[in-house]
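In: sequence first, then the predicted structure:
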Amino acid sequence: MRKYYFTLLCLSITFFCDAQPTSSSGRIKLSDASFDVTYVLIDSSTVKDLLPVFRESAQVVSNYFGKPFLHRFSIDLFATRQELDRQWQQDWGDTSIHSECWMVAAGMGDKLQMLSPRVWNGEACEHNASDKKELQQVIAHELVHVYHAQINPNHDFTGLDSLAWFIEGLATYVSGQVDEKRTAQVKKVIASGEAPQQLARFWTGAARYGLAGTLVRYISDTYGREKIVALLPQTDQKIMLQMLGTNEDALINAWKKSLQ
């Protein structure tokens, strides 16, 4: 699934004691408590600003699930979209990959790959790097994917497009992106009679973040976080619905009623 791709920092000597940067092959590696950050020299100041955001976002994710990340992971910052595309082409063995402007990051089991927010204004769309809340939520969204992929046997979600409603909905919800605006957007979709009738349709269209996110929020509120955690290793929608003691139609109808 290629699109799954979604304590303040002390600027004194403490920073260098907590996270020592090293350099290899033109990229700098900075090691923090539970993750490593790699970047190029031009993004040194950007990384200093981002490090507390990475820490906060990782804490948001582990707090929701009640446990820390299973494994150490890397956060790889790319200075240009061309460099990011080149990395994705290499990772997926497909030279035809060219990311859309709204794609700024991808999370999988061992890494978060991210276009440097320093260049979002010129090389990205639909994202505002100067909005600290949005930036933190984007990072948290992708770190949910990292956490999820560490537990799921499919560590990069390849071939799990049919479960995008859960994979992306979970990341949207846990990261805090299911806000009043997105909830209102979903309510309008439901009122118009255009709500999706199949789970596979939740991660489609302009309202996809709100649709998938509110559905996972409903599951979390109704069945509890423990059930969400139990769903993380699953790759079969039928089994997931059995675990919830429901079926596709009943789940969608209950979700709609909760928003009416």
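Out: Right, received. Where do you want to start? Numbering: from 1, shown residues only.

In: now N253. Its backbone dihedrals?
Out: phi -70, psi -40 (degrees, to the nearest 10).

In: please report how far it lies from T38.
Out: 46 Å (CB to CB, to the nearest Å). Where you see a C-beta, it was placed from the backbone N, CA and C, and this is true even at glycine.

In: neighbour count winner among the two?
Out: Legend: neighbour count by other CB atoms under 10 Å for N253 and T38, higher for T38 (23 against 14).

In: which residues does the more buried one contact?
Out: Neighbouring residues of T38 by CB atoms under 8 Å, 6 or more residues apart in numbering: 27-30, 74-77.

In: okay, W92: pLDDT?
Out: W92 is assigned a pLDDT of 89 by the prediction.

In: what's around it, how many residues?
Out: For W92, the neighbour count with other CB under 10 Å is 14.

In: and it, how far is that from T38?
Out: For W92 relative to T38 (CB to CB), the value is 19 Å.

In: show me where this protein dips below the pLDDT cut-off.
Out: 1-25 (pLDDT under 70).

In: quick check: longest helix in it by residues?
Out: Using DSSP state H, we find that the single longest helix of the chain is helix 44-65.

In: re earlier: quick check: ChimeraX command selecting the buried ones in the contacts of T38.
Out: Selection of buried members from the contacts of T38 for ChimeraX, criterion 16 or more other CB atoms under 10 Å:
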select :28,29,30,75,76,77
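
In: just curious, which of the contacts of T38 is nearest to A212?
Out: Distances from A212 to the contacts of T38, taken as CB to CB, are shortest for I75 (24.1 Å).

In: distance of the closest one from Q87?
Out: 13 Å.

In: try S74
Out: 12 Å.

In: got it, and M240?
Out: In terms of CB to CB, M240 sits 32 Å off from Q87.

In: as a check, name the ranges of all strands in the stretch 1-150 of the chain.
Out: 21-24, 27-31, 35-39, 73-78, 105-108, 111-115 (DSSP state E, counting those that start in this stretch).

In: burial count for L232?
Out: Neighbours around L232, by other CB under 10 Å: 16.

In: go ahead and confirm it touches N154.
Out: No: counting by CB atoms under 8 Å, L232 sits too far from N154 to count as a contact (11.3 Å).

In: domain ranges for the protein?
Out: 13-151, 161-258 (automatic domain parsing).

In: now the helices for the stretch 101-250 of the chain?
Out: 120-123, 132-151, 164-174, 180-191, 208-223, 225-231, 237-244, 248-258 (DSSP state H, counting those that start in this stretch).

In: gap between the two ends of stretch 36-43?
Out: 15 Å (CA to CA, to the nearest Å).

In: buried residues of it, list them for me.
Out: Buried-residue list, stretch 36-43, by 16+ other CB under 10 Å: 36-40, 43.

In: cool, stretch 232-249 as well?
Out: Using 16+ other CB under 10 Å as the test for burial, stretch 232-249 gives 232, 234, 237, 240-241, 244, 246.

In: swap in stretch 171-186?
Out: Of the residues in stretch 171-186, 171-178, 182, 185-186 count as buried by neighbour count, 16+ other CB under 10 Å.

In: what lies in contact with it?
Out: 6, 57, 60-61, 64-65, 107, 137-138, 140-145, 148, 207, 209-214, 216-217, 220, 259.

In: of these, grab the buried ones for PyMOL.
Out: To isolate the buried ones among those in PyMOL, judged by 16+ other CB under 10 Å, type:
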select buried, resi 6+57+60+61+64+65+107+137+138+140+141+142+143+144+145+148+207+209+210+211+212+213+214+216+217+220+259
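
In: residues touching the closest residue to L199 other than its chain neighbours, list them.
Out: Excluding its sequence neighbours, the residue lying closest to L199 (CB to CB, 6 or more residues apart in numbering) is W165, at 4.8 Å. By CB under 8 Å, 6+ apart, the contact list for W165 reads 199-200, 202-203, 211-212, 215-216.
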